[in-house]
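1. Below is the structure, and that's it, no one-letter string:
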C-alpha cells in the first residue's frame, strides 16, 4: 500500500512537493485517522488479503481513496458477506467497528484453522470508509452536501418524514437527496460497482452497513424504508433472526424494518435489494446496524456540546466496549452466510415464516 508512504527517493522530490505531501499526511492523521489506520492495517495484512482503490473523492489538493478489501474464496458461486462503514461521515464509529472486525480476522488467519477452512467456502468484502470526504470534514453528508443514504433513485410510496426522509431544497440543509436528474454521487457509484461485481450470480449474500445515532438500543434494520409493505424475501430475514436468537438469546439487538420508524426517499439498500434480487436467482439480504447513541449521551451529557459526541462514544472505555460488542454478530453473519443451506427457508417453511414475519412486524399495517 502506498497511499501514505513516500517511496520516491528524497532527493528526487522537489522541496515544494515534499512540503505539500507532509502537510497532507499531517491533515489525514489529524482529520481522518481512520484512513491512516486502515492503510497501516492493509500494509501489514497477509498475502491472502487483497485490496484496491475503487474510486477517489477529490477535495482540492486532497484525493481520498475509497478502499475495497477482500478475503476468502474466489469462487463466483460462493456465498458472500459485504461489510460497509462510514456512509455518514459524522458516524465514525461505524467505520471503526468494521475495521475492528477486519483486524480481528486478519490477526486470526495465522493460527485459526477453523477460520481458514471457513474462508474456503465464503467471500468477505469490506468497504470500511465509503464517505472519506464527509469523515474528513466531520459532517454527515459527502463533500457535495449530499446524504448518501438519501441519494438512490427510489422514492417513498407514502409521506416521508419531514426533512429526515430526504429533501431537495438545499445542500445546506441536512438529508439533502442531491439532484434527482443527476447520477448518484461518486461514493454510491463506487458501492454500486462493488455490488455489481460481487453479488450477482451468488446463491446467497448478506450486507451489513454500520451506522449510529438513532435511539437507546442497538437495532438491526432491513428493507424497506420507502414503503411499509414487507419485502419479498421477508421469510429469509425472519429465519436469520430466529437462528441468531437461538444461538445468542441474551443479545441486545432489535430486528425491525426501517419503515416502522419512518419512510425515506433514496434509501441505498432498498435500491440495491431490489436490483440484486430482481437480476439474480439467489437471495440477498441487506442489513443496517444502527447503534443507539442516545445512551452514550445520557451517560456523558457533555457530549452534547460536540457534534461528533451525538454519534460516537467519546469515553475511552465505552469506545472500546462498542468496538468489541458487535464482533459476535459479525462472526455470526459470516458463519450464517457460509452455512446458508442449513437454515435458508424453502417451500412450506418459507410460507410459514413469511406469515410469521408479517404478523410480527406488519400486523399494524393490515
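-> That came in fine, so what should we check first? None of the values given here were measured: they were computed from a predicted structure.

2. Residue 56 should be in a strand, yeah?
-> Yes. Counting by DSSP: H, G, I helix; E, B strand; the rest coil, residue 56 is found in a strand.

3. doesn't residue 63 make contact with it?
-> Yes. The pair residue 56 / residue 63 is scored as a contact, 4.9 Å apart, by Cβ atoms under 8 Å. To be clear about C-beta, it is placed using only N, CA and C from the backbone, and glycine gets the same treatment.

4. Quick one: end-to-end length of stretch 123-134, please.
-> In stretch 123-134, first residue to last residue: 28 Å (Cα to Cα, to the nearest Å).

5. what about the helices in the stretch 1-150 of the chain?
-> For the stretch 1-150 of the chain, applying DSSP state H, counting those that start in this stretch gives helices covering 15-31, 33-43, 92-108, 113-118, 132-137.

6. Same list, those helices, but as JSON lines with mean pLDDT, distance to residue 200 and mean neighbour count please.
-> Formatted as JSON lines, those follow (pLDDT from 0 to 100; distance: least, Cβ to Cβ, whole Å; neighbours: other Cβ atoms under 10 Å):
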{"stretch": "helix 15-31", "mean pLDDT": "79", "distance to residue 200": "35", "mean neighbour count": "12"}
{"stretch": "helix 33-43", "mean pLDDT": "96", "distance to residue 200": "26", "mean neighbour count": "18"}
{"stretch": "helix 92-108", "mean pLDDT": "98", "distance to residue 200": "23", "mean neighbour count": "22"}
{"stretch": "helix 113-118", "mean pLDDT": "98", "distance to residue 200": "23", "mean neighbour count": "12"}
{"stretch": "helix 132-137", "mean pLDDT": "97", "distance to residue 200": "27", "mean neighbour count": "24"}
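
7. Let me know which of those is the nearest to residue 73.
-> Evaluated with Cβ to Cβ, those place helix 113-118 nearest to residue 73, the distance being 9.8 Å.

8. Could you name the helices and strands sitting against that closest one?
-> helix 327-338 (3 or more Cβ pairs under 8 Å, 6 or more residues apart in numbering; DSSP states H and E).

9. And the contacts of the helix it packs on?
-> Helix 327-338 is contacted by residues 79-81, 83, 100-101, 104, 118, 121-122, 124, 204-206, 208, 240, 243-244, 247-248, 251, 253, 287, 289, 343 when judged by Cβ atoms under 8 Å, 6 or more residues apart in numbering.

10. what comes up buried for it?
-> In terms of neighbour count (16 or more other Cβ atoms under 10 Å), helix 327-338 has its buried residues at 329, 330, 332, 333, 334, 335, 336, 337, 338.

11. Helix 92-108 and that one, what's the angle between them?
-> On the basis of axes from the mean of the first three to the mean of the last three Cα atoms, to 10 degrees, helix 327-338 is oriented at 70 degrees to helix 92-108.

12. Could you list the buried residues of the helix or strand just after helix 327-338?
-> Proceeding N to C from helix 327-338, the next assigned helix or strand is helix 347-361, under DSSP states H and E. If you call a residue buried by 16+ other Cβ under 10 Å, then helix 347-361 has these buried ones: 350, 353, 354, 357, 358, 361.

13. ok, so what distance separates residue 282 from residue 52?
-> Distance, residue 282 to residue 52, by Cβ to Cβ, to the nearest Å: 24 Å.

14. lowest confidence element among the helices and strands of this structure?
-> None of the helices or strands of the chain scores lower by mean pLDDT, DSSP states H and E than helix 15-31, at a mean of 79.

15. How far away from the center of its chain is it?
-> With Cα atoms, centre = their mean, to the nearest Å as the basis, helix 15-31 stands 29 Å off its chain's centre.

16. Output the contacting helices and strands for that helix.
-> helix 33-43, strand 62-72, helix 132-137.

17. coming back round to it: just the buried residues of the contacts of helix 327-338.
-> For the contacts of helix 327-338, a burial check counting by 16+ other Cβ under 10 Å picks out 79-81, 83, 100-101, 118, 122, 124, 204-206, 208, 240, 244, 253, 287, 289.

18. Secondary structure of residue 286: a helix, I assume?
-> No. Counting by three-state DSSP, residue 286 is not part of a helix but strand.

19. On the three-state scheme, the closest residue to it other than its chain neighbours is what?
-> Leaving aside its sequence neighbours, residue 286 sits nearest to residue 269 (Cβ to Cβ, 6 or more residues apart in numbering; 4.0 Å). Here residue 269 is recorded as helix under three-state DSSP.

20. And residue 269, what's its pLDDT?
-> On pLDDT, residue 269 comes in at 98.

21. Tell me who's in contact with it.
-> Taking Cβ under 8 Å, 6+ apart, one finds 207, 209, 222, 223, 225, 286, 288 in contact with residue 269.

22. rerun at 7 Å
-> For residue 269, the contact set (Cβ atoms under 7 Å, 6 or more residues apart in numbering) comprises 209, 223, 286, 288.
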